[in-house]
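In: coordinates for the following, if possible.
(chains A and B)
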Amino acid sequence: MKTGFKRATVPLALLTLTALTAAGCNSGDSGSAANKVTVWMYPVIMDPKANAAYWDGIEKGFEAAQKNLDLTIEQLPWENRDQKLATAFGSGKGPDVVLLGPDQIPQFQANGAVQPVDRAIEKSRSAFRPAALEAMTQDGKVYAAPIYHTVTSTLYNKKLLDKAGIKEPPTTWDALRAAAPKLKQAGVATLDYSASNEASLNMSFYPLLWQAGGRVFDESGKKTAFNSPEGVEALTFLVDLYKSGSVPRSALTNANLFTDHALGKEQVAMGYTNTPSDAALAEKTWGKGNVIVGPALAGPKKQVCFGMPGGLGINARTKNLAGAEKFVAYMTEPAQIASMGRAGGFFSPRTDVSVPHESAFAKEYEAALAHTFPGEPHPAARQLMALVTPEIQAALTGKKTPEQALEAAAKEGDDLLARQR
Amino acid sequence: MSKVEPREASPDEPEPSKAGTPTWRGATARPPTPDGSPPGTGAAPAALAGAAPEAAPGALAGTPPGTGAVDGRPRPGAPPGGVAGPGAPPGAGARPAGGARGGGRRSPVRRREALVGLAFVAPMLVLFLVFRFGPTLGAAFLSLTDYRLSGEWTFIGAGNYTRLLQDDLFWESLGVTAVYTALYVPMTVLLALGTAVLLHRTLWLRGFFRGLFFLPYVTSIVLAAVIWKWIYEVEDGLINAALGVLGAGPVDFLGDESLVLPSIAAASAWKGFGYSMLILLAGLQSIPREVAEAATIDGASAWQRFRWVTLPLLRPVLFFVLVIEAIQAFQVFDAMYVMTAGGPVRASYSLVYFLYDSGFKFFDFGYASALGLVLFLIVLVFSLIQRRLIGREED
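Out: Predicted structure coming up:
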């Protein structure tokens, strides 16, 4: 018996050893060599060629500045991003540094997969937009250093406004309500909206909710908060416009798309969550003089638009913390913030750096940046959207009143949050 | 999009064909009918093997009887295609023939033949085991756990199933799927039968028309759905523009809860009827002419001949088509994903859409697996009904 066991032990031990060594080699990813830093990056710059060229330049620039560090930037697709990251973190093979958005942080922080980057941004801390840092903060610590900022704002079709005799583009709910009948008379809808289940509520209903002064989740994050007088006001505003034909009927199947949808096809006069690339496209299709980018839409309580920072986080199990922190610090330097924003069409997360843009609307978007809100990050945010959207559709189609719709959505949402672990 | 919400851009724009359970049959997307074509069914599987554009499902479906054919087939010169043999005529059941010849022990030559045969089916068999059977078992296991994104899981037994039975969304999506099936199957089969009968009678340019009718079937479903979405569009769609000229409409095909399922079913039927049409055409062509001639001599009208002669003879094929299309309908996803995203108010939120959301949006893999297995059971029941009824037909 003993010999049999012994006989098996040696090969088993060898096998285990080999497996361990192999595993060790694999996790060379996360820098088993002390001078290596691995970064997971995504196609933040939409043109693949420009993206590759940009990160190539960053690699060279960083290695020139930090002679003893060996940087590898791996390009990953957006698809199944969370899944891949979770698997990598879970098996201890994750990168040292990874691009993170505000909505990813609660989940990864709770699982202990990422560590604070406060030390990396020690020097530049006061330079960041407070809202950008706050979006990346959990329990008082910053978990991703912002390297760029996205922004949305209002977009108007001047031709259609002119047709209805509207001189001042409506920038508040009241002005919008007043403009709607005139535009209807001119044969066009007023406000573009996306009510599809595949549309993000961050770019459809939630901005209206925030403008009315409402919130999606309560402070504890354990209950929904949108079933409030503010929520009802926001949904009623939307439903009234829809019922009078001022929000196009095709809104029900629109998923935050510009091309080939009502706004792009010049059937509706304005949008309120449009990106700089929407504006660039509009310039091409409507003609240069016909595009107006306005300030963030103002509701009864607040002037808010959606926009969020993208930042770099550090793996909690990195073997080269000093190197990782150096890279994060490098990417938040003014020069890199400017080059990143320029290459990707983003805006600056720092108040002391402004990205030089060639776009005609850079100034307007820069102004809207002050009103951006990065959403309410929550591990169940996406699931909640899938519950809320059908109720909004029910309100739009008249199946339910705004009150009934929000009440039903809140009930389902609270059940969902109660189920979360 | 990705500029504003890089994070959201990923799940917002997946390729539906990759993301979910494919609804339309590509070569690999053929629904799980491994046992869908029973041995010795005669016309139906023969037509399948003969008419189906993909040999794969045929070979798959034929595996149970085909294995018999492999070790028993007495023709050394048989082409590889014959090995999997669902096309074997009912009378020529390979096993009895082999038994008669071999009479007991196998000769080395015949054993080699068997091995060669096995080698031919091996790639398909391995693919089937690895990509169909393996994942099915995996899903069965997953459905008993609460596997989450972090990779942590605990065994929760039937927890997912009891939760499923209490989930209003499940019943709602099951109802949507059932209604869709009830709309889609008759539409498709009637369309397929109509065109098959027309093609059967047409002598002029038959091949051209056959190709023409089959064309939608080989178009990408996403493409077809996008184009149908344009056609149905309420503001400036083709149909509403036509209605506008007539002074009617506009009709909100995809925005009205009672119209959305018929509209999607019609688009899907347009896309999918070509396959059934070919099978029915093959079935029609296998009916001996003499029967119809005899009926004509007896004074039967064209309708009577069709109703009382052709249709009964076509029954096994028709039944096969009905079941295949029903299974197809139960797995609907892509068309809804592209055209309505399940709306309005979940009026087109099918079972597979629910599965997709649970798995790929909420990362609730255990729950999604349980849903997948329930769907598998439904499809299995359909297959068994088909097997039973067609088997009885043969008796």
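In: domain parsing for the chain?
Out: You didn't say which chain, so I picked chain A. A:31-150+A:308-373, A:153-306+A:380-419 (automatic domain parsing).
In: oops, I was thinking of chain B
Out: Per the record, chain B has its domains at B:54-90+B:104-142, B:161-395, by automatic domain parsing.
In: buried residues in stretch A:330-347?
Out: Neighbour counts over stretch A:330-347 (16 or more other C-beta atoms under 10 Å in any protein chain shown) mark A:330-333, A:336-341, A:343-347 as buried. Any C-beta I mention is one placed from the backbone N, CA and C, and that applies to glycine too.
In: re earlier: pick out the shakiest of the domains of chain A, pLDDT-wise.
Out: Per-segment mean pLDDT for the domains of chain A reaches its minimum on domain A:31-150+A:308-373, at a mean of 88.
In: any part of that one near chain B?
Out: Yes: Domain A:31-150+A:308-373 reaches chain B (C-beta under 8 Å from any C-beta of the partner chain) through A:42-44, A:46, A:77-83, A:86-87, A:90-91, A:99, A:101, A:103-104, A:107, A:111, A:150, A:308, A:310, A:344-346.
In: make a PyMOL selection of the buried ones in the residues you listed.
Out: With 16+ other C-beta under 10 Å as the criterion, this PyMOL line picks the buried residues out of these:
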select buried, chain A and resi 42+43+44+46+78+79+80+81+82+83+86+99+101+103+104+107+111+150+308+310+344+345+346
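In: could I get the domains of chain A in CSV, plus columns for distance to B:Arg210?
Out: Output for the domains of chain A, formatted as CSV (distance: least, C-beta to C-beta, whole Å):
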stretch, distance to B:Arg210
domain A:31-150+A:308-373, 39
domain A:153-306+A:380-419, 34
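In: tell me which helix or strand the spatially most central residue of chain B sits in.
Out: Compute the mean C-alpha point of chain B, and by C-alpha atoms, centre = their mean the closest residue is B:Gln328, 3.9 Å away. For B:Gln328, the element it lies in under DSSP states H and E is helix B:311-330.
In: buried ones in that helix?
Out: Quick answer for helix B:311-330 (16+ other C-beta under 10 Å): B:313-314, B:316-330.
In: number of nearby residues for B:Arg335?
Out: One thing to correct before we go on: residue B:335 is Ala, not Arg. B:Ala335 has 28 neighbouring residues, counting by other C-beta atoms under 10 Å in any protein chain shown.
In: distance of it from chain A?
Out: Taking C-beta to the nearest C-beta, to the nearest Å as the measure, B:Ala335 falls 13 Å from chain A.
In: wait, that residue touches B:Ile264, no?
Out: Yes: counting by C-beta atoms under 8 Å, B:Ile264 is a contact partner of B:Ala335 at 5.3 Å.
In: from the middle of its chain, how far away would the longest helix seen in chain B be?
Out: Using DSSP state H to define each element, chain B has its longest helix at helix B:168-201. Averaging C-alpha positions (C-alpha atoms, centre = their mean, to the nearest Å) puts helix B:168-201 12 Å from its chain's average.
In: which other helices and strands does the helix or strand just after it contact?
Out: The helix or strand immediately downstream of helix B:168-201 is helix B:206-218, counting by DSSP H and E. Contact analysis of helix B:206-218 by 3 or more C-beta pairs under 8 Å, 6 or more residues apart in numbering or on different chains; DSSP states H and E lists helix B:168-201, helix B:260-285 as its packing neighbours.
In: tell me the most buried of the ones you listed?
Out: By mean neighbour count, with neighbours taken as mean count of other C-beta atoms under 10 Å in any protein chain shown, helix B:260-285 ranks first of the helices and strands packed on helix B:206-218 at a mean of 24.
In: give me the neighbour count for A:Asp414.
Out: A:Asp414: 15 neighbours (other C-beta under 10 Å).
In: ok but it is inside a helix, no?
Out: Yes: counting by DSSP: H, G, I helix; E, B strand; the rest coil, A:Asp414 is found in a helix.
In: so how far is chain B from it?
Out: Using C-beta to the nearest C-beta, A:Asp414 is found at 15 Å from chain B.
In: that residue is in contact with A:Lys223, isn't it?
Out: Yes: at 5.6 Å, A:Asp414 counts as touching A:Lys223 under the criterion of C-beta under 8 Å.
In: need the nearest residue in space to the residue positioned nearest the centre of chain A, chain neighbours excluded.
Out: Chain A has A:Met308 as the residue nearest its centroid, 5.1 Å off, counting by C-alpha atoms, centre = their mean. Leaving aside its sequence neighbours, A:Met308 sits nearest to A:Pro374 (C-beta to C-beta, 6 or more residues apart in numbering or on different chains; 3.7 Å).
In: ramachandran angles for the one you found?
Out: With angles defined as degrees, to the nearest 10, A:Pro374 shows backbone torsions of phi -80, psi 10.
In: ok, now which ones touch A:His149?
Out: By C-beta atoms under 8 Å, 6 or more residues apart in numbering or on different chains, the contact list for A:His149 reads A:Arg129, A:Ala132, A:Gly307, A:Met308, A:Pro309, A:Gly310, A:Phe346, A:Phe347, A:Ser348, A:Pro349, A:Leu369, A:Thr372.
In: surely A:Val117 is in a helix?
Out: No: using three-state DSSP, the secondary structure at A:Val117 is coil, not a helix.
In: what about it, how many residues nearby?
Out: If you count neighbours by other C-beta under 10 Å, A:Val117 ends up with 25.
In: contact partners for it?
Out: A:Val142, A:Tyr143, A:Ala144, A:Ala145, A:Gly311, A:Leu312, A:Gly313, A:Ile314, A:Glu325, A:Val328.
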